[in-house]
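Engineer: Sequence and computational prediction follow.
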Amino acid sequence: MPVDELMELGQVEDHQRVRLVFGIWIFCDPNTFPSPQDMSGLPSNVGVVVGLHPKHYYEQ
């Protein structure tokens, strides 16, 4: 599910809240690689890994 859809799901109860300290976004499908504009909007505490899943290697 895309992050923007997750954000639109609404508020959660206080006892369900979590604090995100760090995150990693992994992109392995060339069809869904983020644009430079998408990358510039990521929080500073999110790392990014870009690779190529083997199943996509054979599709190229």
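Structural biologist: Done, it's in.

Engineer: Who are the contact partners of the most centrally placed residue in the chain?
Structural biologist: Taking CA atoms, centre = their mean, the centroid of the chain lies closest to residue 25, which sits 4.3 Å from it. Going by CB atoms under 8 Å, 6 or more residues apart in numbering, residue 25 touches 34, 42, 46, 47, 48, 49. Heads up, the C-betas are built off the backbone N, CA and C, glycines and all.

Engineer: go on, residue 42?
Structural biologist: 25, 48.

Engineer: okay, it: pLDDT?
Structural biologist: On pLDDT, residue 42 comes in at 83.

Engineer: dump the residue contacts of the closest residue in space to residue 33 that isn't next to it in sequence.
Structural biologist: Once flanking residues are discounted, residue 33 sits nearest to residue 27: 5.3 Å by CB to CB, 6 or more residues apart in numbering. Residues counted as contacts of residue 27 (CB under 8 Å, 6+ apart) are 33, 34, 48, 49, 50, 51.

Engineer: Against residue 13, how distant is residue 32?
Structural biologist: Using CB to CB, to the nearest Å, one obtains 32 Å as the distance from residue 32 to residue 13.

Engineer: isn't residue 20 right up against residue 45?
Structural biologist: Yes. Counting by CB atoms under 8 Å, residue 45 is a contact partner of residue 20 at 7.2 Å.

Engineer: Neighbours of the residue nearest to residue 21 when sequence neighbours are not counted, how many?
Structural biologist: Nearest residue to residue 21 in three dimensions, chain neighbours excluded: residue 45, at 6.8 Å (CB to CB, 6+ apart). When neighbours are defined as other CB atoms under 10 Å, residue 45 has 9 of them.

Engineer: Isn't residue 45 up against residue 23?
Structural biologist: Yes. Counting by CB under 8 Å, residue 23 is a contact partner of residue 45 at 6.8 Å.

Engineer: all helices of this protein, in order?
Structural biologist: For the chain, the helices defined by DSSP state H occupy 3-7, 36-40, 54-57.
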